[in-house]
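>>> With the input below, show me the fold.
(chains A, B, C and D)
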Protein chains: 2
Amino acid sequence: MFAIQPTSAEPIYRQIVEQLRRLIAGGQLVAGELLPSVREVAGFHAINPMTVSRAYGMAETEGLLERLRGKGMAVAATTRSTATQTQRMALLEPQLLELSRHVRELELPADAVLRRLGRLLGD
Amino acid sequence: MFAIQPTSAEPIYRQIVEQLRRLIAGGQLVAGELLPSVREVAGFHAINPMTVSRAYGMAETEGLLERLRGKGMAVAATTRSTATQTQRMALLEPQLLELSRHVRELELPADAVLRRLGRLLGD
DNA sequence: CCAAGTGTATTGTTGTATTAATACACATGG
DNA sequence: CCATGTGTATTAATACAACAATACACTTGG
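Down below sits the predicted model:
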């Protein structure tokens, strides 16, 4: 039901869109699957329904979702259920670049960072 | 002279503050060192002097910088020149946590991510 | 058929964040 | 001494996010 942090600086509607991008690319949401309704999500997180609608609308424009009139929003059929690993890695690239810039500014040794990340990734 | 991207969603003043935090913690800016003046930075990047001043002001409040009246801003003397590696790693932690959440959502294998990051870090 | 469920367009309001424009107080240093 | 350099207080302009309250078009399912 989406991990939303209403306090974050990241706008809520964008948190939802970006999460949709990753969950669909990763295959945790499969083509045709019906999403929780705008009012469900809004009620659960105590946010405005229009905020969720906005996120869904952007995801539709992006081709991630499609609107089933009267039923709700579903994962678009045109989306190949799971993107290739290379495609999924590409979604991570900007974040990795920013991270490595920060590592350099902090003058941290690469292996220490890699060890810590490895542990976080459950390895 | 700071790496600023005026187009980024990240506010300019915060880009500066966070960069100061890392450069000081990493030891690339040493205690007592004089920073480029507000107008120098603003002119160089074609941004408003007040934006730079705001960043400097916040860094002073945070104890990173101190104001030398009539001369400018300098790296605070109280700052131990270089933080311990553990302290520097802590500054990276939030970013690592967000990254690992995205990796899970994308269902990417840990070793692929670690290999890519390793390459970006110059191995 | 029709109540109840979809998403959404519309309008207005509120609160906040960011940046800009301007003018000011102050210290330096030849 | 005073031109020149600091940083900054103040005010305003702009944009954006989120909320609120409706009303609407549509489909489903009993």
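
>>> Quick check, residue A:71 in contact with residue A:34.
Yes - assessed by CB atoms under 8 Å, residue A:71 is found in contact with residue A:34 at 6.9 Å. (Glycine included, C-beta is placed from N, CA and C.)

>>> Low-confidence bits of chain A, can you list those?
A:79-81 (pLDDT under 70).

>>> Any residues of it in contact with DNA strand C? List them.
Listed as neighbours of DNA strand C in chain A under the rule CB under 7 Å from any atom of the strand: A:9, A:35, A:37-40, A:49-50, A:53, A:56-57, A:60, A:67, A:69-73.

>>> repeat that with 10 Å
Within chain A, the positions adjacent to DNA strand C are A:9, A:34-43, A:48-50, A:52-61, A:65-74 by CB under 10 Å from any atom of the strand.

>>> For the lengthiest helix in chain A, buried residues please.
Looking across chain A with DSSP state H, the single longest helix is helix A:85-106. Residues of helix A:85-106 classed as buried: A:88-89, A:91-92, A:96, A:99-100, A:102-106 (neighbour count, 16 or more other CB atoms under 10 Å in any protein chain shown).

>>> quick one: which of these is nearest residue B:3?
Nearest to residue B:3 out of these is residue A:105 (CB to CB; 8.9 Å).

>>> Not counting sequence-adjacent ones, nearest residue to that closest one?
The shortest distance from residue A:105 to any non-neighbouring residue, by CB to CB, 6 or more residues apart in numbering or on different chains, is to residue B:22 (3.9 Å).

>>> buried sites along the host helix or strand of that neighbour?
With elements taken from DSSP states H and E, the one containing residue B:22 is helix B:12-26. For helix B:12-26, a neighbour-count test (16+ other CB under 10 Å) marks B:12-13, B:15-26 as buried.

>>> Residues in contact with it: which ones?
Applying CB atoms under 8 Å, 6 or more residues apart in numbering or on different chains, the contact partners of helix B:12-26 are A:102, A:105-108, B:2-6, B:8, B:29, B:41, B:47, B:51-52, B:54-56, B:58-59, B:62, B:64-65, B:75, B:79, B:82-83, B:87-88, B:91.

>>> could you point out which element follows it?
Helix B:12-26 is succeeded, C-terminally, by helix B:38-45 (DSSP H and E).

>>> C-terminal to that following helix, what's the next element?
Assigned by DSSP H and E, the successor of helix B:38-45 is helix B:49-61.

>>> now the contacts of helix B:12-26: which count as buried?
Looks like the contacts of helix B:12-26 have A:102, A:105-108, B:2, B:4, B:29, B:41, B:47, B:51-52, B:54-56, B:58-59, B:64-65, B:75, B:79, B:82-83, B:88, B:91 buried, using 16+ other CB under 10 Å.

>>> Filtering the residues you listed by proximity to DNA strand D, which remain?
Near DNA strand D, judged by CB under 10 Å from any atom of the strand, the entries from the buried ones among the contacts of helix B:12-26 are B:41, B:51-52, B:54-56, B:58-59, B:65.

>>> For DNA strand D, what's the nearest residue on chain A?
Closest contact between chain A and DNA strand D, by CB to the nearest atom of the strand, is at residue A:70 (1.8 Å).

>>> That residue: what secondary structure?
Put simply, residue A:70 is coil when judged by DSSP: H, G, I helix; E, B strand; the rest coil.
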